[in-house]
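Colleague: Sequence isn't available, so here's the structure alone:
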RNA sequence: UCCGGGCUGGGGUAGUGGUAUCCUUUGGGCUUGUGGUGCCCAAGACGUGGGUUCAAUUCCCGCGCCCGGACCCA
């Protein structure tokens, strides 16, 4: 026996079916908005990550030298890759660029709740527009995806914030503030105790009283956002507040406004965010971390050597999304789906195969015996794969030119002339042939 | 990388310093024309390496994996 690699998982058919259903729901929601599926490599140059986040990041990656002497890394996230792709074809791609992708990523981290070394994410991004409608559309795809999964506003909430409001406010203090460090501190606000939080703010450059004042500002309710503009008195904050208000207003028409709550303490650790940022939380708090997050990153493409290109996106990970769905009781049932089982009695293999083929042509999942099993054993198997209808192709019935249809749920059966089956029916059931 | 807890057939469990209970499962049979109930047969486990011991699944240590947490969260 071989052990599985730590942090990597196997998915057996029942669970896989549910996962695929959930993934398909999210992806098709995005496709419905015109996000186009893309495919991306599992390996990238390691320096793509090192340049962006520093050499230390390589310790948290599956990074190695390949046989050609290239320093490569298994992709820990998609954003740098799509940024690279956008830059490479900048001229030919019509804007806005709207892409969606679902695939695994790898990070060399310690597994814990909602976190694995191999994990799956759907990335949904828009490039080439800074219009608040784009931010709102991203929130809309996120909200629609969750509601298509059966979740409601009772189950989750989007904590929406704005990087530039935070940055602008910090800039307004008469102090030499390390904005990045201060935003990191904000990001930790809920996790560390109050003293530690203030210490972090102070080490970022704020004085004791400034830190208190800043923290106070973060509690500003949505209705009083304009107070922040007045406080800072800068164009930057005024523009940021106006932008956030415009985004929130736009979510109204997308029908996802109800999910959004202003939460200036939501910062996201990520350095590249520039404007709107948001995180999705389980409203009961049972899922200990953010289910997923997203936001605007207007400078990244330029940083990758492209034309200035605004961008906004989000990326649900299925580890946490599954936890949320399970908690909310909307995780798809983990049972196999089989439309038909064609049961053979005696030497009826060829007729059974024809019946099975005709049903498959109608798009169904159809199984038949491939083990030479007995009648009872075949029925038992049909039950074990959760077959809805069993078509019994037996020598006795065939003598009369008939097959027997059996509804596995009710146990009802009926005889059908083989010539009429499946006939014009797209999904023939016992009910279609009962007289 | 660090901290805490765990590891007995595929899954769930009982138990013990002298090799293991029960349930379920899987395969076959009773039964190649009616299953999901029953009966019979069979398969299948002490994560791994080392130490202590006459003897280790049991006690000790390392490692692996799992669960949770810290760090990090791109």
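Modeller: Sure, I can see it. Keep in mind that what you see is a predicted model, and the values were worked out from it rather than measured.
Colleague: hey, let's count contacts and neighbours off CA atoms from now on
Modeller: Noted.
Colleague: Show residues contacting stretch A:412-423.
Modeller: A:355, A:358-359, A:398, A:401-407, A:428, A:430, A:433-434 (C-alpha atoms under 8 Å, 6 or more residues apart in numbering).
Colleague: Strands - which of those residues land there?
Modeller: Of the contacts of stretch A:412-423, the ones assigned to strands by DSSP state E are A:402-407.
Colleague: tell me which residues in stretch A:210-222 are buried?
Modeller: Judged by neighbour count using 16 or more other C-alpha atoms under 10 Å, the buried positions of stretch A:210-222 are A:210-211, A:214-215, A:217-218, A:220.
Colleague: try stretch A:5-23
Modeller: A:7, A:15, A:17-19, A:22-23.
Colleague: want to try CSV for these, with distance to residue A:32 and pLDDT as columns?
Modeller: Listed next are these as CSV, based on distance: C-alpha to C-alpha, whole Å; pLDDT from 0 to 100:
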residue, distance to residue A:32, pLDDT
A:7, 33, 94
A:15, 26, 90
A:17, 22, 91
A:18, 21, 92
A:19, 20, 94
A:22, 15, 96
A:23, 14, 97
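Colleague: restrict those to contacts with RNA strand B.
Modeller: On the criterion C-alpha under 7 Å from any atom of the strand, residue A:7 are the entries of the buried residues of stretch A:5-23 that sit beside RNA strand B.
Colleague: would CSV of the buried residues of stretch A:5-23 with distance to residue A:382 be doable?
Modeller: Shown next, in CSV, are the buried residues of stretch A:5-23 (distance: C-alpha to C-alpha, whole Å):
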residue, distance to residue A:382
A:7, 35
A:15, 19
A:17, 18
A:18, 20
A:19, 23
A:22, 26
A:23, 27
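Colleague: The most centrally placed residue in chain A and RNA strand B, how far apart?
Modeller: Central residue of chain A (C-alpha atoms, centre = their mean): residue A:316, 3.2 Å from the mean position. Per C-alpha to the nearest atom of the strand, to the nearest Å, residue A:316 is found 11 Å from RNA strand B.
Colleague: Likewise for residue A:102?
Modeller: For residue A:102, the distance to RNA strand B equals 16 Å [C-alpha to the nearest atom of the strand].
Colleague: okay, the residue nearest to that residue when sequence neighbours are not counted: pLDDT?
Modeller: Computed as C-alpha to C-alpha, 6 or more residues apart in numbering, the closest residue to residue A:102 that is not its neighbour in sequence is residue A:122, at 4.1 Å. Residue A:122 carries a pLDDT score of 97 in this model.
Colleague: Quick check: what element follows the helix or strand hosting residue A:122 along the chain?
Modeller: Using DSSP states H and E, residue A:122 sits within strand A:118-127. For strand A:118-127, the following helix or strand on the C-terminal side (DSSP H and E) is helix A:132-148.
Colleague: Which of the residues in that next one are classified as buried?
Modeller: So, applying 16+ other C-alpha under 10 Å, buried residues of helix A:132-148: A:132-147.
Colleague: packing partners for it?
Modeller: Counting contacts by 3 or more C-alpha pairs under 8 Å, 6 or more residues apart in numbering; DSSP states H and E, helix A:132-148 is packed against helix A:13-32, strand A:118-127, helix A:235-254, strand A:311-316.
Colleague: deepest of those, which one?
Modeller: Most buried of the helices and strands packed on helix A:132-148 by mean neighbour count (mean count of other C-alpha atoms under 10 Å) is strand A:311-316; its value is a mean of 26.
Colleague: residues of stretch A:355-365 that come out buried?
Modeller: By 16+ other C-alpha under 10 Å, the buried positions in stretch A:355-365 come out as A:355-356, A:358-359, A:364.
Colleague: And the contacts of that stretch?
Modeller: A:337-340, A:342, A:366-368, A:421-422, A:426-427.
Colleague: got it, and stretch A:256-272?
Modeller: Counting by C-alpha under 8 Å, 6+ apart, A:139-140, A:143-144, A:153, A:156-163, A:166, A:180, A:183-184, A:186-187, A:189, A:218-222, A:248-249, A:251-252, A:277-279, A:293, A:297, A:299-300 sit against stretch A:256-272.
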